[in-house]
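Novice: okay, sequence plus prediction incoming.
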Amino acid sequence: MNNVLVAGSANIDLVATVPRLPQPGETLPGEGFALHPGGKGANQAVAAARLGAATTLVGCVGEDAFGQDLRAHLVENGVTCSLKLAEAPTGTAMILVDEVGENSIVVIPGANGSLDAAAIAEVPVRAGDVLVSQLEIPVPTVASFFARGRAAKALNVLNAAPAIAGADDLWPLADIVVVNEVELEFFAKAPVEDRRGAARAAVAARCFPQQIIVVTLGREGVVAIDGDQIIEHPGHAVPVVDTTGAGDCFVGALAARLCAGDRLAEGLAYANKAAAICVQRPGAGSSMPTLVEVEATYDA
């Protein structure tokens, strides 16, 4: 049985709901506040595990209450934890969510910045495994992780988020790159105004002809470039509560389905459905749907 191996961040999200996102220098009254488990790595691992994949998260947390809460959350959701303890505090994210579910996020890496190649090396990688990573942990750590994946003939999936300078060297190590339109514009250095523009920019961003570029477009769905083929799936019309974890849900669901043997088009369609369920719930890590929920909602 193949595994989904995620190397990534684990955070506690401090979420405030507001009527609208404030302008620079503006103070607004909030409507609510909550703490949720999060971090792109933890979210993607939970998404994959809830959808039936044998999943391991390699990460780093602080020796504090937030770190203990995250470990409990991961174990409760079926994720095998390989969590290093750091002197730095557990990572946090400050999130504002407006009344239509859009958000603004500031991430404080904390212990995530201590995740190194030595921690990555402790986790076995086998042919057929799906390796997933993002850009909330040090770039050299991601490079080491994907180098191990390439050597083992695993499938490397890079969620190139957040868009940061210095991450371009990771793209050649990825078999699949998943980005949203903002991240694609950053890395491709080309405008993305619609689906056609996303497809053009994705082709330009590829590092080799066999590389697959997946562009998530929010409520507009997803477009992917696979060789000469353009794969498109429209979004699902659903009432949006919170978009914070949608991208992570999509990535985790895609990894789970590819690990199960789905073709790319099938995996993308499934991930689109899972993300549509996710946005109807508050929070990130706690909003990931289960296999039963996706099948019950969409007869997947």
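Specialist: Cool, got the structure. Numbering: from 1, shown residues only.
Novice: Glu181 is in contact with Arg247, correct?
Specialist: Not quite, residue 247 is Gly, not Arg. No: Gly247 sits out of contact with Glu181 when judged by Cβ atoms under 8 Å, with a separation of 11.2 Å. Bear in mind the C-beta positions are built from the backbone N, C-alpha and C, glycine included.
Novice: who touches both of these two?
Specialist: Thr216 (Cβ atoms under 8 Å, 6 or more residues apart in numbering).
Novice: neighbour count: these two, which is higher?
Specialist: A direct count of neighbours by other Cβ atoms under 10 Å for Gly247 and Glu181 places Gly247 higher, at 24 against 21.
Novice: which residue ranges form the strands in the chain?
Specialist: All strands of the chain, identified by DSSP state E, fall at 4-7, 11-17, 32-38, 55-62, 79-86, 91-97, 103-108, 130-133, 155-159, 176-180, 212-216, 222-226, 229-233.
Novice: partners of the second one, with directions?
Specialist: In the sheet, strand 11-17 lines up against strand 32-38 (antiparallel), strand 91-97 (parallel) (DSSP bridges).
Novice: so for that strand, mean pLDDT?
Specialist: The average pLDDT for strand 11-17 rounds to 93.
Novice: what's the answer for the fourth one, then?
Specialist: Mean per-residue pLDDT for strand 55-62: 98.
Novice: please save the CA atoms from it in PDB.
Specialist: The C-alpha coordinates for strand 55-62 follow below in PDB (Å, rounded to 0.1, in the frame of the first residue of the first chain):
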ATOM      1  CA  THR A  55      -0.700   9.600   5.700                       C
ATOM      2  CA  THR A  56       2.400  10.800   7.600                       C
ATOM      3  CA  LEU A  57       3.200  14.400   8.400                       C
ATOM      4  CA  VAL A  58       6.800  15.400   9.000                       C
ATOM      5  CA  GLY A  59       6.800  18.700  10.800                       C
ATOM      6  CA  CYS A  60       8.000  20.700  13.800                       C
ATOM      7  CA  VAL A  61       6.200  22.200  16.700                       C
ATOM      8  CA  GLY A  62       7.100  24.000  19.900                       C
END
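Novice: and it, how far out from the chain middle?
Specialist: Mean C-alpha position of strand 55-62 versus that of the full chain (Cα atoms, centre = their mean, to the nearest Å) differs by 14 Å.
Novice: before we move on, back to that, winner for burial among the strands paired with strand 11-17?
Specialist: Ranked by mean neighbour count, the strands paired with strand 11-17 are led by strand 91-97 with a mean of 22 (mean count of other Cβ atoms under 10 Å).
Novice: quick one, that strand and strand 103-108 angle?
Specialist: Put simply, strand 91-97 runs at 160 degrees to strand 103-108, going by axes from the mean of the first three to the mean of the last three Cα atoms, to 10 degrees.
Novice: okay, now Ala260: neighbour count?
Specialist: Ala260 has 17 nearby residues by other Cβ under 10 Å.
Novice: my guess is it contacts Ala53. True?
Specialist: Yes: under the criterion of Cβ under 8 Å, Ala260 makes contact with Ala53 at 7.0 Å.
Novice: report the central residue of the chain.
Specialist: For the chain, the residue nearest the mean C-alpha position is Asp248 (3.0 Å; Cα atoms, centre = their mean).
Novice: who touches the closest residue to it other than its chain neighbours in this structure?
Specialist: Excluding the flanking residues, the one nearest Asp248 by Cβ to Cβ, 6 or more residues apart in numbering is Asn43, at 3.5 Å. Neighbour list for Asn43: 245, 248-249, 252, 284-285, 288 [criterion: Cβ under 8 Å, 6+ apart].
Novice: what's the answer for Gln280, then?
Specialist: Gln280 neighbours (Cβ under 8 Å, 6+ apart): 238-241.
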